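Enquirer: predicted model and sequence below, questions to follow.
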Amino acid sequence: MGTKTNLDKQVFTTFEVARVCNANITSIKNWIENGNLRAFRTPGGHYRIEKSVLVDFLDRYGMPNPFVERDQRTVVVLCQDPGTVELVRRAIGRNHVVHGTDDAIEASLLIGDARPDCLVMDMQLPNIDPLKMVERIREHDHFSRTWIVGWRGLADEKFEEAAAAAGVNNYVLESDGIDALTSRVREGIV
(Lines give C-alpha, C1' and ligand atoms only; values in the text may rest on other atoms or scores of the structure.)
Protein backbone atom coordinates (compact mmCIF):
# COMPACT_ATOMS: atom_id res chain seq x y z
CA MET A 1 0.00 0.00 0.00
CA GLY A 2 2.77 2.39 -0.83
CA THR A 3 0.68 4.51 -3.20
CA LYS A 4 -1.48 7.34 -1.91
CA THR A 5 -5.15 7.66 -2.77
CA ASN A 6 -5.98 10.65 -4.97
CA LEU A 7 -8.41 12.61 -2.76
CA ASP A 8 -9.31 15.00 -5.59
CA LYS A 9 -11.35 12.31 -7.37
CA GLN A 10 -15.16 12.40 -7.30
CA VAL A 11 -15.72 8.60 -7.39
CA PHE A 12 -13.74 5.94 -5.50
CA THR A 13 -13.26 2.18 -5.80
CA THR A 14 -13.78 -0.11 -2.80
CA PHE A 15 -9.99 -0.53 -2.64
CA GLU A 16 -9.50 3.25 -2.39
CA VAL A 17 -12.28 3.58 0.19
CA ALA A 18 -10.67 0.79 2.23
CA ARG A 19 -7.42 2.74 2.21
CA VAL A 20 -9.16 5.96 3.28
CA CYS A 21 -11.09 4.15 6.07
CA ASN A 22 -8.10 2.07 7.17
CA ALA A 23 -10.23 -1.05 6.71
CA ASN A 24 -10.20 -4.08 4.44
CA ILE A 25 -12.19 -4.43 1.23
CA THR A 26 -14.46 -7.07 2.78
CA SER A 27 -15.51 -4.59 5.48
CA ILE A 28 -16.25 -1.96 2.83
CA LYS A 29 -18.39 -4.42 0.87
CA ASN A 30 -20.21 -5.45 4.06
CA TRP A 31 -20.92 -1.80 4.92
CA ILE A 32 -22.33 -1.31 1.42
CA GLU A 33 -24.45 -4.46 1.54
CA ASN A 34 -25.75 -3.61 5.02
CA GLY A 35 -26.79 -0.14 3.85
CA ASN A 36 -24.26 1.77 5.96
CA LEU A 37 -22.34 3.08 2.95
CA ARG A 38 -24.21 4.00 -0.25
CA ALA A 39 -22.60 2.87 -3.51
CA PHE A 40 -23.51 2.23 -7.12
CA ARG A 41 -22.43 -0.58 -9.41
CA THR A 42 -20.59 -0.24 -12.69
CA PRO A 43 -21.82 -2.24 -15.71
CA GLY A 44 -19.07 -4.72 -14.78
CA GLY A 45 -20.62 -5.18 -11.31
CA HIS A 46 -17.99 -3.31 -9.30
CA TYR A 47 -18.96 -0.96 -6.48
CA ARG A 48 -18.13 2.74 -6.70
CA ILE A 49 -18.59 5.33 -3.95
CA GLU A 50 -19.10 9.04 -4.59
CA LYS A 51 -16.85 11.46 -2.69
CA SER A 52 -19.77 13.28 -1.02
CA VAL A 53 -21.16 9.95 0.23
CA LEU A 54 -17.75 8.92 1.58
CA VAL A 55 -17.25 12.26 3.37
CA ASP A 56 -20.70 11.93 4.98
CA PHE A 57 -19.94 8.32 6.01
CA LEU A 58 -16.62 9.30 7.64
CA ASP A 59 -18.25 12.15 9.56
CA ARG A 60 -21.29 10.10 10.59
CA TYR A 61 -19.13 7.40 12.15
CA GLY A 62 -16.50 9.75 13.62
CA MET A 63 -13.72 8.35 11.45
CA PRO A 64 -10.66 10.38 10.50
CA ASN A 65 -11.59 12.44 7.46
CA PRO A 66 -8.67 13.24 5.13
CA PHE A 67 -10.96 15.42 2.98
CA VAL A 68 -11.35 18.04 5.71
CA GLU A 69 -8.65 20.52 6.54
CA ARG A 70 -7.97 19.90 10.23
CA ASP A 71 -5.79 22.83 11.21
CA GLN A 72 -8.64 24.49 13.07
CA ARG A 73 -9.97 22.66 16.15
CA THR A 74 -13.25 23.19 18.00
CA VAL A 75 -13.70 23.26 21.76
CA VAL A 76 -16.99 23.52 23.66
CA VAL A 77 -16.75 24.71 27.26
CA LEU A 78 -19.75 24.02 29.50
CA CYS A 79 -18.93 26.02 32.61
CA GLN A 80 -20.52 28.50 35.04
CA ASP A 81 -17.59 30.90 34.88
CA PRO A 82 -17.34 32.90 31.62
CA GLY A 83 -13.77 33.76 32.60
CA THR A 84 -12.82 30.10 32.22
CA VAL A 85 -14.09 30.14 28.64
CA GLU A 86 -11.95 33.17 27.84
CA LEU A 87 -8.87 31.65 29.50
CA VAL A 88 -9.29 28.47 27.43
CA ARG A 89 -9.72 30.59 24.29
CA ARG A 90 -6.51 32.51 24.98
CA ALA A 91 -4.56 29.39 25.93
CA ILE A 92 -5.27 27.45 22.75
CA GLY A 93 -4.91 30.36 20.34
CA ARG A 94 -7.03 32.38 17.98
CA ASN A 95 -6.84 29.88 15.13
CA HIS A 96 -9.20 27.52 17.02
CA VAL A 97 -12.93 27.91 17.69
CA VAL A 98 -14.09 27.99 21.32
CA HIS A 99 -17.80 27.98 22.18
CA GLY A 100 -18.78 28.63 25.78
CA THR A 101 -22.04 28.32 27.70
CA ASP A 102 -23.35 27.65 31.18
CA ASP A 103 -26.55 26.04 29.89
CA ALA A 104 -26.65 22.26 29.40
CA ILE A 105 -29.31 22.42 26.67
CA GLU A 106 -27.36 25.01 24.70
CA ALA A 107 -24.21 22.93 25.21
CA SER A 108 -25.99 19.85 23.85
CA LEU A 109 -27.00 21.78 20.74
CA LEU A 110 -23.46 23.13 20.32
CA ILE A 111 -21.96 19.67 20.73
CA GLY A 112 -24.34 18.17 18.18
CA ASP A 113 -23.75 20.98 15.70
CA ALA A 114 -20.01 21.59 16.14
CA ARG A 115 -18.91 18.00 16.89
CA PRO A 116 -16.04 19.39 18.94
CA ASP A 117 -12.57 17.96 19.17
CA CYS A 118 -12.66 18.73 22.90
CA LEU A 119 -15.41 19.28 25.46
CA VAL A 120 -14.68 20.89 28.82
CA MET A 121 -17.45 20.09 31.27
CA ASP A 122 -17.89 21.73 34.65
CA MET A 123 -18.68 18.82 36.96
CA GLN A 124 -20.36 21.12 39.51
CA LEU A 125 -23.01 22.72 37.30
CA PRO A 126 -26.36 22.92 39.07
CA ASN A 127 -29.47 21.20 37.70
CA ILE A 128 -27.66 18.62 35.57
CA ASP A 129 -26.02 15.27 36.11
CA PRO A 130 -22.69 15.80 34.33
CA LEU A 131 -21.77 12.11 34.36
CA LYS A 132 -25.10 11.19 32.79
CA MET A 133 -24.53 13.83 30.12
CA VAL A 134 -21.07 12.39 29.34
CA GLU A 135 -22.56 8.88 29.13
CA ARG A 136 -25.20 10.13 26.68
CA ILE A 137 -22.54 11.81 24.54
CA ARG A 138 -20.47 8.61 24.50
CA GLU A 139 -23.50 6.60 23.31
CA HIS A 140 -23.08 8.19 19.88
CA ASP A 141 -20.30 6.89 17.65
CA HIS A 142 -19.60 10.25 16.04
CA PHE A 143 -18.40 11.58 19.43
CA SER A 144 -16.06 8.66 20.08
CA ARG A 145 -13.02 10.83 19.31
CA THR A 146 -14.19 13.88 21.28
CA TRP A 147 -11.74 14.47 24.14
CA ILE A 148 -13.73 15.20 27.30
CA VAL A 149 -12.13 17.07 30.18
CA GLY A 150 -13.97 17.10 33.50
CA TRP A 151 -13.39 20.37 35.41
CA ARG A 152 -14.08 21.46 39.00
CA GLY A 153 -15.37 18.13 40.25
CA LEU A 154 -15.05 16.53 43.62
CA ALA A 155 -11.63 15.69 45.05
CA ASP A 156 -12.81 12.13 45.51
CA GLU A 157 -11.26 8.99 44.05
CA LYS A 158 -14.66 7.31 43.58
CA PHE A 159 -15.99 10.32 41.67
CA GLU A 160 -12.90 10.33 39.46
CA GLU A 161 -13.42 6.61 38.75
CA ALA A 162 -17.09 7.24 37.95
CA ALA A 163 -16.09 10.08 35.61
CA ALA A 164 -13.61 7.83 33.80
CA ALA A 165 -16.22 5.07 33.54
CA ALA A 166 -18.72 7.56 32.06
CA GLY A 167 -16.21 8.54 29.36
CA VAL A 168 -14.26 11.50 30.75
CA ASN A 169 -10.74 11.36 29.29
CA ASN A 170 -9.11 13.64 31.82
CA TYR A 171 -10.18 15.06 35.14
CA VAL A 172 -8.88 18.36 36.50
CA LEU A 173 -9.73 19.80 39.89
CA GLU A 174 -10.19 23.54 40.26
CA SER A 175 -7.38 23.47 42.82
CA ASP A 176 -5.05 22.15 40.07
CA GLY A 177 -5.37 25.55 38.41
CA ILE A 178 -6.28 26.90 35.01
CA ASP A 179 -2.89 25.94 33.55
CA ALA A 180 -3.63 22.27 34.26
CA LEU A 181 -7.01 22.65 32.55
CA THR A 182 -5.65 24.35 29.45
CA SER A 183 -2.87 21.77 29.24
CA ARG A 184 -5.49 18.97 29.15
CA VAL A 185 -7.49 20.86 26.52
CA ARG A 186 -4.37 21.19 24.34
CA GLU A 187 -3.88 17.41 24.63
CA GLY A 188 -7.38 16.96 23.24
CA ILE A 189 -6.91 19.14 20.19
CA VAL A 190 -3.56 17.80 19.03
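Expert: Now that the structure is in, tell me what you want to look at.
Enquirer: could you chop the chain up by domain?
Expert: As assigned by automatic domain parsing, the chain contains the domains 11-60, 74-188.
Enquirer: how far does the shortest one sit from its chain's centre?
Expert: The reference is to domain 11-60. In terms of Cα atoms, centre = their mean, to the nearest Å, the centre of domain 11-60 is found 22 Å from the chain centre.
Enquirer: for the closest residue to N22 other than its chain neighbours, helix, strand, or coil?
Expert: Distances taken as Cβ to Cβ, 6 or more residues apart in numbering put P64 closest to N22, at 7.7 Å, once the chain neighbours are dropped. No exception for glycine: its C-beta is placed from N, CA and C like everyone else's. Recorded secondary structure, P64: coil (DSSP: H, G, I helix; E, B strand; the rest coil).
Enquirer: point to the residue nearest the middle of the chain.
Expert: The chain has T146 as the residue nearest its centroid, 3.2 Å off, counting by Cα atoms, centre = their mean.
Enquirer: give me the pLDDT for it.
Expert: What the model reports as pLDDT for T146 is 90.
Enquirer: residues touching it, list them.
Expert: Applying Cβ atoms under 8 Å, 6 or more residues apart in numbering to T146 gives the contacts 111, 115-119, 137.
Enquirer: which elements pack onto the helix or strand hosting R136?
Expert: Per DSSP states H and E: R136 is located in helix 130-138. If contacts are counted by 3 or more Cβ pairs under 8 Å, 6 or more residues apart in numbering; DSSP states H and E, helix 130-138 sits against helix 104-114, strand 118-122, strand 147-151, helix 157-166.
Enquirer: in CSV: these, plus distance to I32 and mean neighbour count.
Expert: Formatted as CSV, the helices and strands packed on helix 130-138 follow (distance: least, Cβ to Cβ, whole Å; neighbours: other Cβ atoms under 10 Å):
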stretch, distance to I32, mean neighbour count
helix 104-114, 27, 16
strand 118-122, 33, 26
strand 147-151, 31, 26
helix 157-166, 34, 14
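Enquirer: would you list those in TSV and tack on distance to G83?
Expert: Listed next are the helices and strands packed on helix 130-138 as TSV, based on distance: least, Cβ to Cβ, whole Å:
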stretch	distance to G83
helix 104-114	17
strand 118-122	12
strand 147-151	13
helix 157-166	23
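Enquirer: about what we covered before: okay, the angle between the helix holding R136 and helix 157-166?
Expert: If you take axes from the mean of the first three to the mean of the last three Cα atoms, to 10 degrees, helix 130-138 sits at 20 degrees to helix 157-166.
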